[in-house]
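K.L.:
predicted model, plus sequence, below.
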Amino acid sequence: MDHTFAIGIDIGGTNTDIGLVRSDGICIARLNFRTTDFTTAETFVDRLCSTIGILLKDSDSSVLQGIGIGAPNGNSLTGCIEEASNLPQLSNLPLKRILEERMRLPVAVGNDANAAALGEMVYGGAKHLQDFVTITLGTGVGSGIVINHRLLLGEHGNAGEIGHSILVPDGRSCSCGRRGCVEEYASARGICKTFIKLRNATGNYNGMLHGIDDSQLTPKLIAEAAQQGDALSIATYQRTGYYLGLTCANVVSHIAPQKIFLMGGPMQAGSLIMNPTQQSFAENLLMIYRGQVSIEITHLPANDAAIMGAAALLQWTMDNRTLNS
């Protein structure tokens, strides 16, 4: 079987991952670099183009469809990254136009969580679903909403900011300028903040992470400690799961999807986060929806999910060319 290929790019708050994705969803090559190493859009774009060039060096350009890019606040209608609170150096960057001029290939730019939803729809567990939601947990919290097999964009292309729904009134300060957003409790940094808060409130804590500086904490470290019985780390994931389950229950009240898919680094904690999430979801779900909606971890491979989503975004954009007008 002959395959076509697409470049899938996930621009994250920490890293930028670039992969060559086959039409059946297999990522056959990938490279990455740290997004945070670049303080200006110009130097970032230069590095992006040179990395794409390396990836394509030995590829057959005749079967390359183009480039799909998922980024925080990427707008499919404008092709720009707009006011990305976690990537201020890239805010208001017309990335589609710049890359099409430099790479001479079709380019699609979209919200990273929307791209994740399309990846789930094309390659993952949502292939046969009409209505579903993806929630992505990483540096921030994003979401992609599909209703009647159509990606919800809204009037201006930026619908679906579940991560910036206020979960805790007057809660933690969020990078978006508001307080108490879901992102501050369910993202990677939110998990670390919860652990720090619990540790500070526990004067005699002498568990596995007692000697780790706040700045060195990661969800992975906390998960590893929890798996070895560290009570404070277990409590951190229980609290995170409570917030995440409550968020999912609220989403169902608004959208009534068939499934909610969760993805991103924190979900690699598995049952540590899924069990309390499922419990909180069940406890907070409106009665009329009970038994109708399930929560699952993404069916996409963890390491390639975002890249596959970006490649799916390109295909979706080419099938909906009016978005590029």
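P.N.:
Thanks, I have it.

K.L.:
direction included, what does the strand or helix carrying residue 9 pair against?
P.N.:
Using DSSP states H and E, residue 9 maps to strand 5-11. Here strand 5-11 has these sheet partners by DSSP bridges: strand 15-22 (antiparallel), strand 64-71 (parallel).

K.L.:
now mean pLDDT and distance to residue 270 too, for those, in CSV please.
P.N.:
All C-beta spots, glycine's among them, are computed from the backbone N, C-alpha and C. Listed next are those as CSV, based on pLDDT from 0 to 100; distance: least, C-beta to C-beta, whole Å:
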stretch, mean pLDDT, distance to residue 270
strand 15-22, 93, 22
strand 64-71, 93, 24
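
K.L.:
just the ones you listed: most buried one?
P.N.:
Most buried of these, by mean neighbour count (mean count of other C-beta atoms under 10 Å): strand 64-71, with a mean of 25.

K.L.:
indicate which one of the strands paired with strand 5-11 is closest to residue 123.
P.N.:
strand 15-22 (9.1 Å; C-beta to C-beta).

K.L.:
quick one: the helices in the stretch 101-250 of the chain?
P.N.:
112-123, 183-186, 188-200, 219-227, 231-255 (DSSP state H, counting those that start in this stretch).

K.L.:
mean confidence score for the third one?
P.N.:
In this case it means helix 188-200. Averaged across helix 188-200, the pLDDT comes to 96.

K.L.:
and if you look at the longest one?
P.N.:
If you average the pLDDT over helix 231-255, you get 97.

K.L.:
can you give me every residue that contacts residue 313?
P.N.:
Listed by C-beta atoms under 8 Å, 6 or more residues apart in numbering, the contact set of residue 313 reads 8, 68, 69, 70, 76, 108, 110, 114, 115, 118, 119.

K.L.:
redo those residues as a markdown table? Include distance to residue 239.
P.N.:
Putting those into a markdown table (distance: C-beta to C-beta, whole Å) gives the following:
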| residue | distance to residue 239 |
| --- | --- |
| 8 | 34 |
| 68 | 36 |
| 69 | 34 |
| 70 | 29 |
| 76 | 35 |
| 108 | 38 |
| 110 | 32 |
| 114 | 28 |
| 115 | 29 |
| 118 | 31 |
| 119 | 29 |
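
K.L.:
just the residues you listed now: which is nearest residue 206?
P.N.:
Nearest to residue 206 among those, with distances taken as C-beta to C-beta, is residue 70, at 42.2 Å.
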